[in-house]
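S.K.: the amino acid sequence is not available; the structure is as follows:
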């Protein structure tokens, strides 16, 4: 699949903001099964941008500095991405969870995609006894890694309600778990917490998911959204495989990875500081348009 992606974020300030310094993580990364064919970032009415090295995780980070008073700031990211991934199929020859946990602990890889970097709790995804016990029902150490991963994702998809009013961006995993509801970020964090509790390397993936309109209805431009799912390291041979607990599916041709980290805080699309007074509103429009290959 090939996609034309347009992601527009617009900030409006009640009083002109005199200074803003932001990190932008909007450019899709190079990852197995996807290539970035073209990319363009624009900021209106203007600002200074420069590349910056990610502090953690795998992300293309741009620094944005706006040093003159503005009432409206619009950040538009456009990407052309080709995705060609096979859907993983569990087999009897897959490594077990015990084997990949042992390999991850023994890894001497110091790179950003090292499984050892994703074994431990992170600030926004702490270990939780109740989440760990609930997820452990699908995570028998002798079970094949792929079979266990999709089984846990399907259980989350089946037993949790998708509810956009149930949580906020900073809601901790144990709250969403207790109320059995939330959005993609919550479900990804719950699954990651459970996998790490079992000693397994799990990462937070952020990006886009192609959505299909209801039968007979046209595709609505700008009605898509950013998405979050889970990457599980499945050993030296298989590497990182993606699984989507919101939808109970594998990461395949409908998923575009923008950034990978230990949790959302490391790879938020936009974060930073703004100096000013008065209220601020933010609107986001995302469009993932499939193109003919």
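M.R.: Cool, got the structure. What you see is a predicted model; the values in this text were computed from it and never measured. Numbering: from 1, shown residues only.
S.K.: what about the residue nearest the centre of the chain, is that helix, strand or coil?
M.R.: Nearest residue to the geometric centre of the chain (CA atoms, centre = their mean): residue 206, 1.7 Å. Classification of residue 206 using DSSP: H, G, I helix; E, B strand; the rest coil returns strand.
S.K.: tell me the contacts of it?
M.R.: 25, 226-228, 257-261, 264, 267, 269 (CB atoms under 8 Å, 6 or more residues apart in numbering). Backbone N, C-alpha and C define where each C-beta goes, glycine included.
S.K.: quick one: pLDDT of it?
M.R.: Here the pLDDT value assigned to residue 206 is 96.
S.K.: next: the one 4 residues further on.
M.R.: At residue 210 the predicted local confidence, pLDDT, stands at 88.
S.K.: residue 105 now?
M.R.: Value for residue 105, per-residue pLDDT: 96.
S.K.: surely it forms part of a helix?
M.R.: Yes - assessed by three-state DSSP, residue 105 belongs to a helix.
S.K.: follow-up on the earlier one: among the contacts of residue 206, which ones are buried?
M.R.: Buried members of the contacts of residue 206, counted by 16 or more other CB atoms under 10 Å: 25, 226-228, 257-261, 264, 267, 269.
S.K.: from these, which ones fall inside strands?
M.R.: 25, 226-228, 257-261 (DSSP state E).
S.K.: least confident of these?
M.R.: Confidence by pLDDT is poorest for residue 226 among these, given 92.
S.K.: right, and it touches residue 207 too?
M.R.: Yes - judged on CB atoms under 8 Å, residue 226 makes contact with residue 207 at a distance of 7.1 Å.
S.K.: which residues do the two both contact?
M.R.: Joint contacts of residue 226 and residue 207 (CB under 8 Å, 6+ apart) are residue 258.
S.K.: just checking, what packs against the longest strand anywhere in the chain?
M.R.: If you go by DSSP E, the chain has its longest strand at strand 2-17. Counting contacts by 3 or more CB pairs under 8 Å, 6 or more residues apart in numbering; DSSP states H and E, strand 2-17 packs against strand 70-83, strand 270-275, strand 280-291.
S.K.: reformat those as JSON lines; add mean pLDDT and distance to residue 35.
M.R.: As requested, the helices and strands packed on strand 2-17 are arranged in JSON lines below (pLDDT from 0 to 100; distance: least, CB to CB, whole Å):
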{"stretch": "strand 70-83", "mean pLDDT": "95", "distance to residue 35": "5"}
{"stretch": "strand 270-275", "mean pLDDT": "91", "distance to residue 35": "24"}
{"stretch": "strand 280-291", "mean pLDDT": "92", "distance to residue 35": "14"}
